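>>> here is a sequence together with a model predicted from it:
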Amino acid sequence: MREPIPPHTAAFEGLSQRAGWAGGEPLANVLMAKALVNPGVISLAVGFVDQQTLPVGPTGQAFQQLWSDAEMARAALQYGTTRGHLPLREAILERMLQADGRSAGELQLSVDQVVVTAGSNQFLALVSDALMDPGDIVICGAPSYYVYLGTLRNLGVRAVGVATDHHGLIPAAVEEELSRRRAAGELQRVKAIYVTTYYDNPTGVSLSAERRAELVEIAQRWSSRQRIYVIEDAAYRELRYDGDDLPSLRSFDPEGKTVILAGTFSKAFSPGIRVGWGILPPALLAPVLAAKGNTDFGSPHFNQALMAAVLRLGLFEPHVKELRAGYRRKIDVMLHAAVELLQPLGCIDWVRPSGGLYVWLRLPEHLDAGIGGPLFAAAVREGVLYVPGDYCYSEPLRAPRNRLRLSFGVPSCANIRRGMEALARAIGQVL
């Protein structure tokens with residue numbers, strides 16, 4: 001957990017309230033420090049993409065095509081619009097509609113509602129800043145994406161976790177929380193429901209098709225005095241290894257007033273190009289674009305022109321196909337090792353994800369997997385890092401301590417195996 005900045009320190013140094021809300025050192029820095037002190041350590045923690053799969057060839061082809069025309073190159077090097085590069089926004093909308101099997105008319109969508117950002121985290125931050133005041137509430141899963149939990153904390157917004165299972169966020173649990181907030185006189189503070197619909201970070205599970213429609217209906221039904229939005233984080237949609245694709249939550253919102261859809265090319269193409277995007281309800285366009293214009297005067301235009309060239313030249317889908325094949329091998333290695341090495345230790349379980357980059361482990365109830373717990377120390381000694389699960393809960397002090405997240409994105413298959421062996425040794429020692 002992050003250590004909060006003491007109030008007297010914040011006041012003496014003249015810091016803002018937001019600096020105090022943000023807390024202390026983030027998890028990424030803690031894990032990086034551990035890796036630097038222990039250079040031989042294998043990280044099953046970091047949620048990056050595989051270095052060897054980064055699209056050097058496709059990016060080079062797109063760059064050459066972009067650079068072959070002097071006027072096109074100059075345009076790419078100039079400022080862009082706050083909304084983003086029009087050809088890229090058109091391509092994003094077309095891909096989303098095609099994936100969902102819907103038309104723009106059916107979903108009352110136009111390209112003007114597509115906004116390009118520097119990664120999907122920027123889009124989520126802009127939306128949250130436009131929607132939420134300090135003390136407002138966002139309902140999310142318990143566990144949930146810890147980076148977005150940090151974004152909400154920076155804004156002084158309360159994230160309230162509700163139950164999840166192997167099919168994702170439980171709609172009945174969302175409805176129960178809304179009822180509790182109404183009874184407490186706080187329903188007007190509930191601004192949004194946040195959900196990662198595909199291969200959730202950290203649990204790896206996807207929200208089932210039945211629950212998608214139900215979640216949108218709940219948000220609409222409870223929006224009698226003030227709209228409650230559903231923020232759909234679809235960052236991992238392209239990273240599907242088994243089963244069929246599911247329609248987005250946005251496809252269950254034909255009027256387009258409830259669902260905010262966030263996506264990115266970071267996971268399925270290149271995090272270094274740093275292009276994310278979102279589709280906004282019409283009512284949010286003006287405030288989000290105003291905040292964005294005041295913040296960045298438009299996201300990096302050259303990156304957007306490059307990504308548009310990748311899509312135009314048909315280079316994206318072949319790369320994703322290769323990526324899926326590679327990650328499918330990696331998840332097989334991790335889960336085969338889990339069956340062989342962890343299952344014999346007893347009372348350890350997980351769900352096989354059908355996509356994404358993460359495996360969520362539940363350990364015996366008495367085992368503390370937190371940063372200060374015996375397992376984390378033993379794991380570092382054995383040469384492996386993981387993400388302690390309590391970081392993924394909105395109330396870390398009350399979070400279960402026997403959960404952890406593993407990522408198979410960065411390490412090679414051989415290092416995944418070695419990392420799982422090290423983790424098994426560490427668990428065995430602590431047990």
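It's in. Worth saying up front: this structure is predicted, and the values here are computed from it rather than measured. Numbers count the residues shown, from 1 in each chain.
>>> starting at the chain centroid, how far to stretch 256-264?
14 Å (Cα atoms, centre = their mean, to the nearest Å).
>>> residue furthest from the geometric center of this protein?
Taking Cα atoms, centre = their mean, the residue of the chain most remote from its mean C-alpha position is Ala70, at 37.3 Å.
>>> need the pLDDT of that residue.
Per-residue confidence (pLDDT) for Ala70: 96.
>>> likewise Gly383?
Gly383 carries a pLDDT value of 95.
>>> check the one 4 residues further on too.
Per-residue pLDDT puts Val387 at 96.
>>> and the one 10 residues further on, by the same measure?
Note on Leu397: pLDDT of 77.
>>> so for Ile331, what's the nearest residue that isn't a sequence neighbour?
Spatial nearest neighbour of Ile331, chain neighbours left out: Phe408 (5.6 Å); criterion: Cβ to Cβ, 6 or more residues apart in numbering. The way it works is simple: take the backbone N, C-alpha and C, and place the C-beta from them, glycine included.
>>> again but with Ala142, I slipped
Nearest to Ala142 is Gly161, by Cβ to Cβ, 6+ apart, at 2.9 Å.
>>> what helices or strands is the host helix or strand of the one you found leaning on?
Element membership of Gly161, judged by DSSP states H and E, is strand 158-162. When contacts are defined as 3 or more Cβ pairs under 8 Å, 6 or more residues apart in numbering; DSSP states H and E, strand 158-162 packs onto strand 137-141, helix 146-154, helix 171-183.
>>> of all those, which lies closest to Val339?
strand 137-141 (26.2 Å; Cβ to Cβ).
>>> what's the burial count for the residue nearest to Ala142?
By other Cβ atoms under 10 Å, 22 other residues sit near Gly161.
>>> tell me what angle the strand holding Gly161 forms with helix 146-154.
On the basis of axes from the mean of the first three to the mean of the last three Cα atoms, to 10 degrees, strand 158-162 is oriented at 140 degrees to helix 146-154.
>>> following strand 158-162 in sequence, what is the next regular element?
strand 164-165.
>>> who are the contact partners of the closest residue to Pro87 other than its chain neighbours?
Nearest-residue entry for Pro87: Ala308, 4.6 Å, with adjacent residues in sequence omitted and distances by Cβ to Cβ, 6+ apart. By Cβ atoms under 8 Å, 6 or more residues apart in numbering, the contact list for Ala308 reads His85, Pro87, Leu88, Ala91.
>>> and with 10 Å instead?
By Cβ atoms under 10 Å, 6 or more residues apart in numbering, the contact set of Ala308 is 62, 66, 76, 84-92, 116, 275.
>>> just Ala62 next, same as before
55, 273, 305-313, 315-316 are the contacts of Ala62 under Cβ under 10 Å, 6+ apart.
>>> show me the two of these that sit farthest apart.
The widest separation within the contacts of Ala62 (Cβ to Cβ) is 16.1 Å, between Pro55 and Ala305.
>>> show me the helices in the stretch 101-250 of the chain, by range?
120-131, 146-154, 171-183, 209-221 (DSSP state H, counting those that start in this stretch).
>>> the helix or strand where Val310 lies: how far from the chain's middle?
Secondary structure assignment for Val310, by DSSP H and E: helix 301-312. Centroid separation for helix 301-312 versus its chain: 22 Å, with Cα atoms, centre = their mean.
>>> buried residues in that helix, which are they?
Buried residues in helix 301-312, counted by 16 or more other Cβ atoms under 10 Å: His301, Phe302, Asn303, Gln304, Ala305, Leu306, Met307, Ala308, Ala309, Val310, Leu311.
>>> go through those residues and name the one nearest Arg237.
Leu311 (15.3 Å).
>>> nearest residue to that closest one other than its sequence neighbours?
In space, Leu311 comes closest to Ala91 once its chain neighbours are excluded; the distance is 4.5 Å by Cβ to Cβ, 6+ apart.
>>> report how many residues lie close to that neighbour.
When neighbours are counted by other Cβ under 10 Å, Ala91 registers 20.
>>> what strand or helix carries it?
Going by DSSP H and E, Ala91 is part of helix 86-100.
>>> what average pLDDT does the helix or strand harbouring His319 get?
Using DSSP H and E, His319 sits in helix 316-337. Averaged over helix 316-337, pLDDT sits at 97.
>>> now the helix or strand following it: average pLDDT?
Counting by DSSP H and E, the next helix or strand C-terminal to helix 316-337 is strand 358-362. Strand 358-362 carries an average pLDDT of 97.
>>> my guess is Glu175 meets Arg221, correct?
Yes - here Glu175 reaches Arg221: they are 8.9 Å apart, a contact under Cβ atoms under 10 Å.
>>> more crowded one of these two?
The neighbour count for Glu175 versus Arg221, taken as other Cβ under 10 Å, is higher for Glu175 (16 against 11).
>>> thought Phe265 was touching Val275?
Yes - in this structure, Phe265 is within contact of Val275 by Cβ under 10 Å, at 4.8 Å.
>>> more neighbours: which of these two?
Set Phe265 next to Val275 and count neighbours by other Cβ under 10 Å: Val275 wins out with 28 against 25.
>>> who's in contact with the more buried one?
Contacts of Val275 (Cβ under 10 Å, 6+ apart): 84-85, 88, 92, 116-120, 263-266, 269, 299-300, 303-304, 306-308, 310.
>>> one more time with 7 Å, if that's ok
Contact partners of Val275, counting by Cβ atoms under 7 Å, 6 or more residues apart in numbering, are Val116, Phe265, Asn303, Gln304, Met307.
>>> what would the residues you listed look like in JSON lines with pLDDT and distance to Arg225?
Output for the contacts of Val275, formatted as JSON lines (pLDDT from 0 to 100; distance: Cβ to Cβ, whole Å):
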{"residue": "Val116", "pLDDT": "98", "distance to Arg225": "33"}
{"residue": "Phe265", "pLDDT": "98", "distance to Arg225": "38"}
{"residue": "Asn303", "pLDDT": "98", "distance to Arg225": "41"}
{"residue": "Gln304", "pLDDT": "98", "distance to Arg225": "39"}
{"residue": "Met307", "pLDDT": "98", "distance to Arg225": "41"}
